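>>> How does the following fold in three dimensions:
(chains A and B, ligands or ions: 2)
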Amino acid sequence: MKIAIPVDEKSLKSSVCSSFGRAPYFLFYNTVTKKDYFLDNRAVVSQGGAGIRASQVIADHGVKALLTPQCGENAGKVLSKAEVLVYKSIPGTAQQNIDEFEADRLILLNEFHSGFHSHEK
Amino acid sequence: MKNSGTKIAVLSGKGGTGKTLVSVNLASVAEKSIYIDCDVEEPNGHLFFKPKVVCEEDVIVKIPSVNESLCSGCRKCVEFCKYNALAFIKNKPFVFEEICHSCGGCALLCPEKAISEKEKSIGKVQKGISLNVTVNTGILNMGEASGIPIIKKLLNESISKEGLPIFIDCPPGSACIVMESIKDTDYCILVAEPTLFGVHNLNMVYELVRLFDKSYGVVLNKCLDGENPAEKFCKENNIPIIGRIMFDNKLGFLNSDAKIAVRESEKFKQLFSSLLETVMKEVQHETVVNS
Ligand code: SF4
Ligand code: SF4
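Numbers count the residues shown, from 1 in each chain, chains lettered A, B, ... in the order given. Ligands and ions are numbered 1, 2, ... in the order given. A predicted model of the protein is given here:
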């Protein structure tokens, strides 16, 4: 099963990024093969709708679970339509979150904020 | 020569600086005028005018609608949309209507002609009367991405055949919605507060009016005795100061009571009359220079 985490750096030791849509990188990790890879988040620079764009990438990579501290409403819609489960990450490194996830200790995120709408209108 | 009246926009870098105070009172002190509230996310001019609404109209935009049976799944639409209003999930595009800016691009570009456009209301424009002022208000529905279609409609429909002056209460800030509001104006009034933060806000709109090559002047609001950073900024940059409104508890009370100061007090009537006179002189001066 493939999982994804928004991260601040391209490393398993990186902290989890506090934003999902605007995270600089995504970490993808396969819990079966234990293989990982990173991807630049092109949505960082998009004009609004970054969460949607980021969710699209997550869905396109066949991810089944996203581990993130928070997630916007629209991103949540894309993810749920694409049947990606969203778990609340814990403070700490990406690796720690992977371990928690594999030990089944993370809970599902149940709050989806309504977006910051800070983009230029 | 245009036969419509002089268009005066009132701007400020953020809300709460007195933008509505200035535009509402200037419109009221004119013999007869039109007031347009372009602050469509939070229109509050009507709270002061309490106009008798004479007509109301929905503002319609076009939103894409996907015919899934025609869609080949090429994703061109999703990649094209720079607002990310389209996502491709489970082999079909999904439209986020609140985020869509109705550019029409995706429908044009779809090779399978799978996207058509449907109509959707994003808000409304209201026209009302309050004594000597015709009040036009734009109201954007909550959560909608862009109020620009509403502003366009407001400004298009508010051209005065009688040549009445038009006062435009702009949205705060300097984003594209403000640009749309000042595009066709003859003069811009920048309202500034006497603080350092006020200078920052003033600078935002100052840069905007210069970019658009508009004639402009500053009204210093909430003035106190002593140093005024906004005034200093104006002097340093050669920005004309066309008026000063002293900090006044009475004005504050009237304002928080949603009363129009010039309709309540002779003192404020005089204050805004002379401000209006100054503005009109500036505008005339500009038309003479430019003609
Ligand atoms: S461009 Fe047209 S055919 Fe291609 S994915 Fe979009 S709707 Fe489908
Ligand atoms: S109309 Fe324009 S903004 Fe709306 S979804 Fe299509 S491409 Fe995006």
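
>>> Against A:Thr33, how distant is the closest residue to ligand 2 within chain A?
Nearest to ligand 2, among the residues of chain A, is A:Gly49, at 8.9 Å (CB to the nearest ligand atom). Backbone N, C-alpha and C define where each C-beta goes, glycine included. Using CB to CB, to the nearest Å, we find A:Gly49 at a distance of 32 Å from A:Thr33.

>>> who has more neighbours, those two?
Set side by side, A:Gly49 and A:Thr33 show more neighbours around A:Gly49, with 29 against 8, by other CB atoms under 10 Å in any protein chain shown.

>>> Find the nearest non-adjacent residue to that one, please.
Closest residue to A:Gly49 apart from its sequence neighbours, by CB to CB, 6 or more residues apart in numbering or on different chains: B:Asn84 at 2.8 Å.

>>> in which helix or strand would I find that neighbour?
Of the helices and strands defined by DSSP states H and E, none includes B:Asn84.

>>> Also B:Asn203?
If you go by DSSP H and E, B:Asn203 is part of helix B:196-211.

>>> Over to A:Tyr87?
strand A:85-88.

>>> B:Glu57 contacts B:Lys124, correct?
Yes: contact criterion CB atoms under 8 Å: B:Glu57 and B:Lys124 qualify, at 6.2 Å.

>>> Point me to the residue of chain A nearest chain B.
As assessed by CB to the nearest CB, chain B sits closest to A:Gly49 within chain A, at 2.8 Å.

>>> what's near enough to touch that residue?
A:43, A:74, B:83-85, B:96, B:99 (CB atoms under 8 Å, 6 or more residues apart in numbering or on different chains).

>>> Tabulate those residues in CSV, adding columns for neighbour count and distance to B:Asp37.
Below are the contacts of A:Gly49 laid out as CSV (neighbours: other CB atoms under 10 Å in any protein chain shown; distance: CB to CB, whole Å):
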residue, neighbour count, distance to B:Asp37
A:Ala43, 22, 35
A:Asn74, 24, 29
B:Tyr83, 21, 26
B:Asn84, 25, 30
B:Ala85, 26, 27
B:Phe96, 20, 28
B:Ile99, 23, 25
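
>>> quick one: the helices in the chain?
Just going to use chain A. In chain A, the segments counted as helices under DSSP state H are A:50-60, A:73-81, A:94-102.

>>> Switch to chain B, please.
Under DSSP H, chain B gives helices at B:19-29, B:45-49, B:76-80, B:105-109, B:148-157, B:176-182, B:196-211, B:229-236, B:249-256, B:261-264, B:266-290.

>>> So which of those helices is nearest chain A?
Set against chain A and scored by CB to the nearest CB, the helices of chain B come closest in helix B:176-182, at 5.2 Å.

>>> what about the closest one and chain A, touching?
Yes: using CB under 8 Å from any CB of the partner chain, we find that helix B:176-182 touches chain A at B:176-177.
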